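Asker: let me see the structure of the following:
(one chain, ligands or ions: 1)
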Amino acid sequence: MGKQTFTMIKPDAFAKGYTGAILAKIQEAGFRIVALKLTRLTAEKAAAFYAVHRERPFYQSLVEFMSSGPVVAAILEKDNAVEDFRKLIGATDPAKAEEGTIRKLYAESVERNAIHGSDSDENARIESDFFFSALERV
Ligand code: CMP
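Answerer: A predicted model of the protein is given here:
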């Protein structure tokens with residue numbers, strides 16, 4: 001089980017001013033922030049980040065949404081990081097997310113679902129490297 005995961009606060013949650021509350025909840029759950037960045041994805045970057053979903057019907061809309069405004073990217077450290085973080089954020093569809101999860105509290109819809117969390121240790125590494133150079137990590 002890996003010690004790191006990658007997360008991104010999506011444009012919906014950033015625009016509504018939830019960044020501080022979400023980062024507080026992440027830290028209260030025992031995750032240490034080892035990299036943090038406020039940035040924007042171009043449509044090209046969003047398309048590359050979500051390339052695994054390119055055959056899905058929601059892909060084009062997802063790329064437009066993810067490039068529509070700033071995002072906050074972070075690398076988080078904790079034992080069993082990937083699995084524990086996915087529990088903290090809750091189900092992809094906020095209507096199905098458990099009480100107290102970040103998506104239950106802050107997400108709008110299955111697409112505008114407030115936050116991303118890596119689904120495997122390998123993807124955590126790939127996604128972290130997509131956003132952060134070695135010097136940007138503590
Ligand atoms: P995430 O799991 O972080 O990465 C893939 C994203 O695609 C997902 O969050 C949602 O933002 C989006 N997504 C997944 N399923 C759907 C769907 N059925 N309709 C629209 N968007 C979706």
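
Asker: and stretch 10-26, what's buried?
Answerer: 10-14, 18-19, 22-23, 25-26 (16 or more other C-beta atoms under 10 Å). To be clear about C-beta, it is placed using only N, CA and C from the backbone, and glycine gets the same treatment.

Asker: need the CA coordinates for that stretch. CSV is fine.
Answerer: The C-alpha trace of stretch 10-26 is given here as CSV (Å, rounded to 0.1, in the frame of the first residue of the first chain):
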residue,chain,number,x,y,z
LYS,A,10,-12.1,20.9,-9.4
PRO,A,11,-13.3,24.2,-10.9
ASP,A,12,-16.8,23.9,-9.4
ALA,A,13,-15.5,23.7,-5.8
PHE,A,14,-12.7,26.3,-6.3
ALA,A,15,-15.2,28.8,-7.8
LYS,A,16,-17.5,28.4,-4.8
GLY,A,17,-14.8,29.1,-2.3
TYR,A,18,-14.6,25.6,-0.8
THR,A,19,-10.8,25.2,-1.2
GLY,A,20,-9.9,26.1,2.4
ALA,A,21,-12.6,23.9,3.9
ILE,A,22,-11.7,21.0,1.8
LEU,A,23,-7.9,21.3,2.5
ALA,A,24,-8.8,21.5,6.3
LYS,A,25,-10.9,18.4,6.1
ILE,A,26,-8.0,16.6,4.3
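
Asker: any chance you could list what contacts it?
Answerer: With contacts defined as C-beta atoms under 8 Å, 6 or more residues apart in numbering, stretch 10-26 is touched by 7, 9, 33, 65-66, 68-72, 74, 76, 85, 88, 102, 105-108, 112-116.

Asker: what's near enough to touch the residue nearest the centre of the chain?
Answerer: By C-alpha atoms, centre = their mean, the chain has its centre lying nearest to His116, at 2.3 Å. Taking C-beta under 8 Å, 6+ apart, we find His116 in contact with 6-8, 10.
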